[in-house]
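Asker: sequence and computational prediction follow.
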Amino acid sequence: LAAAAEGLGTCWICAFDQQAARQALRLPECWEVVALTPLGYAAEEPAEQSRKPIDETIERLA
């Protein structure tokens, strides 16, 4: 949310080459990279996505 507030885009990436990430970040072998979060400005404005109303998504039981 903080990135979006600054006009930046980002996403959570968990599927990557562990060894390549460790080498690129110059991390020791004993460290494990669990996620990457690229950060930058979008090449074009993303399209607005429609969402279902929350009442159609969540069911209250009590």
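Answerer: Received the coordinates, thanks. Fair warning: this is a prediction, and the values are worked out from it, not measured in the lab.

Asker: contact partners for the residue most central in space within the chain?
Answerer: With the centre of the chain defined as its mean C-alpha position, the nearest residue by C-alpha atoms, centre = their mean is Cys11, 2.0 Å away. Contacts for Cys11 (C-beta atoms under 8 Å, 6 or more residues apart in numbering) come out as 37-38. Just so you know, the C-beta spots here come from the backbone N, C-alpha and C atoms, and that holds for glycine as well.

Asker: name the single longest helix found in this structure.
Answerer: Ranked by number of residues, the top helix in the chain under DSSP state H is helix 18-24.

Asker: residues making contact with whichever helix or strand comes after that helix?
Answerer: Going down the chain from helix 18-24, the next helix or strand is strand 39-40, by DSSP states H and E. Identification of contacts with strand 39-40 by C-beta under 8 Å, 6+ apart yields 3, 8-10.

Asker: buried stuff in stretch 11-23?
Answerer: For stretch 11-23, burial by neighbour count (16 or more other C-beta atoms under 10 Å) applies to 21-22.

Asker: and the pLDDT for the nearest residue to Trp31 once chain neighbours are set aside?
Answerer: Among residues not flanking Trp31 along the chain, Arg22 sits closest, at 6.7 Å (C-beta to C-beta, 6 or more residues apart in numbering). At Arg22, the predicted lDDT confidence score is 95.

Asker: over to the one 10 residues further on?
Answerer: Residue-level confidence at Glu32 comes out at 93, pLDDT.

Asker: name the nearest residue to it, ignoring sequence neighbours.
Answerer: Gln18 (7.1 Å).

Asker: wait, that neighbour touches Trp31, no?
Answerer: No - assessed by C-beta atoms under 8 Å, Gln18 is found out of contact with Trp31, at 10.1 Å.

Asker: report the rounded mean pLDDT for stretch 42-53.
Answerer: What stretch 42-53 shows for mean pLDDT is 83.

Asker: tell me how far it is from the chain's mean position?
Answerer: Distance, stretch centre to chain centre, for stretch 42-53: 15 Å (C-alpha atoms, centre = their mean, to the nearest Å).
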